[in-house]
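This is the structure alone, sequence omitted:
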């Protein structure tokens with residue numbers, strides 16, 4: 001009789017151990033890694049349209065960060081048909097300076113984008129993100145002929161062009 005009782009106890013411990021291991025396997029499998037974006041910044045994409053399909057000269061973009069600070073985003077790029085510029089997280093207005101240099105002259109244009117900022121929640125463990133809705137765009141016309149808002153919603157999808165930018169055809 002004693003043998004049977006020890007066997008039952010051992011079988012009960014073995015069964016509870018197996019249940020515990022099975023529960024742990026399911027618990028670990030249920031926990032998955034959070035797919036946070038690598039960068040919580042969103043970008044506006046400018047696609048060249050009109051007569052000028054590629055930048056022939058050199059184009060520099062300087063982002064006005066406010067507080068009398070600025071940052072050069074790209075410097076003297078050439079032979080591109082589109083470019084991306086990041087948006088600020090929470091400012092209601094972004095200001096960008098585009099400097100176009102050809103073989104003879106340098107042109108300076110300023111772009112001002114008015115936008116609505118919307119917080120975007122991925123997960124508690126992820127960095128905060130903001131998506132934007134473009135309300136209005138204004139710009140100087142030294143080298144830029146016009147800018148058209150193609151997609152007013154700015155989010156992680158960089159496949160759609162936010163703006164179509166038309167440069168003046170400058171011939172010498």
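Sure, I can see it. These numbers were taken from a predicted model, which means no experiment stands behind them.

Across the sheet, point out what pairs with the closest residue to residue 41 other than its chain neighbours.
Leaving aside its chain neighbours, residue 41 sits nearest to residue 86 (4.8 Å; criterion: CB to CB, 6 or more residues apart in numbering). C-beta: built from backbone N, CA, C; applies to glycine. Beta-bridge partners for residue 86, by DSSP bridges, are residue 43.

Now do the contacts for residue 86.
Contact partners of residue 86, counting by CB atoms under 8 Å, 6 or more residues apart in numbering, are 41-44, 63, 73.

and the strand ranked longest in the chain, what does it pack onto?
As assigned by DSSP state E, the longest strand anywhere in the chain is strand 106-120. Packing partners of strand 106-120 (3 or more CB pairs under 8 Å, 6 or more residues apart in numbering; DSSP states H and E): strand 93-101, strand 129-139, strand 144-149.

before we move on, the earlier item: so which of the contacts of residue 86 is the most crowded?
residue 44 (24 neighbours; other CB atoms under 10 Å).

looking at it, it is touching residue 113, isn't it?
Yes: between residue 44 and residue 113 there is a contact under CB atoms under 8 Å: 7.4 Å.

Between those two, which contacts overlap?
Here residue 44 and residue 113 have 87, 134 as joint contacts, going by CB under 8 Å, 6+ apart.

Tell me which residue lies nearest the centroid of this structure.
In the chain, the centroid-proximal residue (CA atoms, centre = their mean) is residue 42; its distance is 2.2 Å.
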